[in-house]
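J.: Give me coordinates for this.
(2 chains)
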There are 2 protein chains.
Amino acid sequence: MDRAVFFISDHTGITAEALGRSLLSQFPDFRFERTTLPFVDTEVKLRAACQRIQASQRDSGQAPLVFSSLANAGLRTLLMASGAVVFDVFEGHIERLETALGLQSAQAVGRAHGFHAQGRERIEALKFALDTDDGLRADAYGAADIILVGVSRSGKTPACLYLSLQYGVAAANYPLAEEELERVELPRTLRAWRDKLFGLTLAPERLHLLREERRPGSRYAALPQCRREIQAAAALFQTAGIPCLDTSNMSVEEIATTVLHRSALKRLRW
Amino acid sequence: MDRAVFFISDHTGITAEALGRSLLSQFPDFRFERTTLPFVDTEVKLRAACQRIQASQRDSGQAPLVFSSLANAGLRTLLMASGAVVFDVFEGHIERLETALGLQSAQAVGRAHGFHAQGRERIEALKFALDTDDGLRADAYGAADIILVGVSRSGKTPACLYLSLQYGVAAANYPLAEEELERVELPRTLRAWRDKLFGLTLAPERLHLLREERRPGSRYAALPQCRREIQAAAALFQTAGIPCLDTSNMSVEEIATTVLHRSALKRLRW
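T.: The predicted structure follows:
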């Protein structure tokens, strides 16, 4: 079962896509043909978008689903008249917010202010994550909001980059080397920063697969080696009182959000 | 004017935050105190969340605003009864989608399927972006979806990382060196990949500030030098027919989304 889906936004489309992704995931039996039309911020552009939607309807004989995040009421009305099944991100919400706050909204097309204002903070955080990736620049740990710790290939780098880009969190990461694991005590570099440490772990079988991709047939990738390292890391996390997350079945945003939540780190005030 | 805002989700909270960010940005005169409560996926957790909301209401004397993305109808009903002003991401949408698709939704708590299924693809894309950052591994350009080109500090790295993490796009980047700019012709490394190239540029004054941060008082950071490089890059983009984006006033997601849109690159099929 196929169905055409459009995302229409006067800005990046990230909000409309997020809403659509959540809603459509509730209908796993469908195959959705998705098209995003971002930066639709004038009547001319909206009319062009409506033509694409109507063309799709003619071709398929079915009304496309449209997820829209248009702040401007005039553009919203135009879209509603297009004949598509429109899911408006803002539907009713702006009016209710105005009532709750006792204030008229700005109805500003485009720009989500907050994102912008904090853009610089997030780029700084990203720079920090790149500079301190994989145990580099431990001298900068004083400026870290959090330091992810785990064996090689436990997913530290993607989590740090996501934490920085999505949340503006300064996240470093430190790989536990074999000799450090054998000692079952916190590496000297990390001792001063115990409160910032957060452990990542995963099932040894999964680690084995990930390492096989990097160095096939190596001792490094062998399952017994992966088992030993994961066990030693778990012992270390427990001894040192470091919170720890099993990431085996988690996406990068799930990992980042969970770390943020459990470590009670303040999110960036967008 | 302060107002407490809660984001409640049975999953990461990214959708509820995206909706809230868009809506609240329409009220720039308010200061919002934001709290995110992710992974609220049981009645017990929801009751705890409601208690926090009610405590906030008692303290401030104002009903907090709550943005929620709870897929389960029972949890939604409980939240509605808490006395807060609730903005439900899914409000009415699930029922209308069921009607449009002629099918019952799964009402699965948590897991947004799509994100998950494509997690691996995005991690692969992230690895590609890191491996090919700053002109590294030009031999891998055959596997690139896009190659961002620009002078040093023109914002290529954050854009590539965002493209990979958000959209699963394999994005490389190549810095234009001074001697390449002087020649005003496409560097040899890039010639075979003309269709994948996309230029980033920015106002010389802004480039000057960014470079001053890296190497204060250097020739590299001096305004005349920035002017020369930006002009030479513009000439090169034009001669070689490379599309180009001025990123001076753009956030990283605006840059990534615009590049995606203008280059007509397929987004990851989540």
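
J.: Show me where chain A has its helices.
T.: A:14-24, A:43-60, A:73-80, A:93-101, A:113-117, A:119-131, A:156-167, A:178-183, A:188-191, A:204-214, A:223-240, A:252-262 (DSSP state H).

J.: looking at those helices, which one has the lowest mean pLDDT?
T.: In terms of mean pLDDT, the lowest-scoring of the helices of chain A is helix A:113-117 (a mean of 43).

J.: got the helices of chain A as JSON lines, with mean neighbour count columns?
T.: C-beta here means a position set from N, CA and C on the backbone, and glycine is covered the same way. Formatted as JSON lines, these follow (neighbours: other CB atoms under 10 Å in any protein chain shown):
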{"stretch": "helix A:14-24", "mean neighbour count": "25"}
{"stretch": "helix A:43-60", "mean neighbour count": "15"}
{"stretch": "helix A:73-80", "mean neighbour count": "16"}
{"stretch": "helix A:93-101", "mean neighbour count": "17"}
{"stretch": "helix A:113-117", "mean neighbour count": "18"}
{"stretch": "helix A:119-131", "mean neighbour count": "19"}
{"stretch": "helix A:156-167", "mean neighbour count": "26"}
{"stretch": "helix A:178-183", "mean neighbour count": "14"}
{"stretch": "helix A:188-191", "mean neighbour count": "14"}
{"stretch": "helix A:204-214", "mean neighbour count": "16"}
{"stretch": "helix A:223-240", "mean neighbour count": "17"}
{"stretch": "helix A:252-262", "mean neighbour count": "22"}
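
J.: could I get those helices as TSV with distance to chain B?
T.: As requested, these are arranged in TSV below (distance: least, CB to the nearest CB, whole Å):
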stretch	distance to chain B
helix A:14-24	4
helix A:43-60	12
helix A:73-80	11
helix A:93-101	5
helix A:113-117	4
helix A:119-131	4
helix A:156-167	5
helix A:178-183	23
helix A:188-191	23
helix A:204-214	10
helix A:223-240	18
helix A:252-262	4
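
J.: Mind checking those helices for the one nearest to B:Ala73?
T.: With CB to CB as the criterion, B:Ala73 lies closest to helix A:14-24 of the helices of chain A, at 13.9 Å.

J.: Output the contacting helices and strands for that closest one.
T.: strand A:2-9, strand A:31-37, strand A:65-69, strand A:85-88, helix B:14-24, helix B:93-101, helix B:113-117 (3 or more CB pairs under 8 Å, 6 or more residues apart in numbering or on different chains; DSSP states H and E).

J.: A:Thr132: what's its closest spatial neighbour, skipping adjacent residues?
T.: A:Ala172 (3.6 Å; CB to CB, 6 or more residues apart in numbering or on different chains).

J.: burial of that neighbour, as a residue count?
T.: Number of residues near A:Ala172 (other CB atoms under 10 Å in any protein chain shown) recorded here: 27.

J.: Could you pull up the contacting residues of it?
T.: A:Phe128, A:Ala129, A:Thr132, A:Asp133, A:Arg137, A:Ala140, A:Tyr141, A:Ala144, A:Ile146, A:Ile147, A:Leu148, A:Cys160 (CB atoms under 8 Å, 6 or more residues apart in numbering or on different chains).
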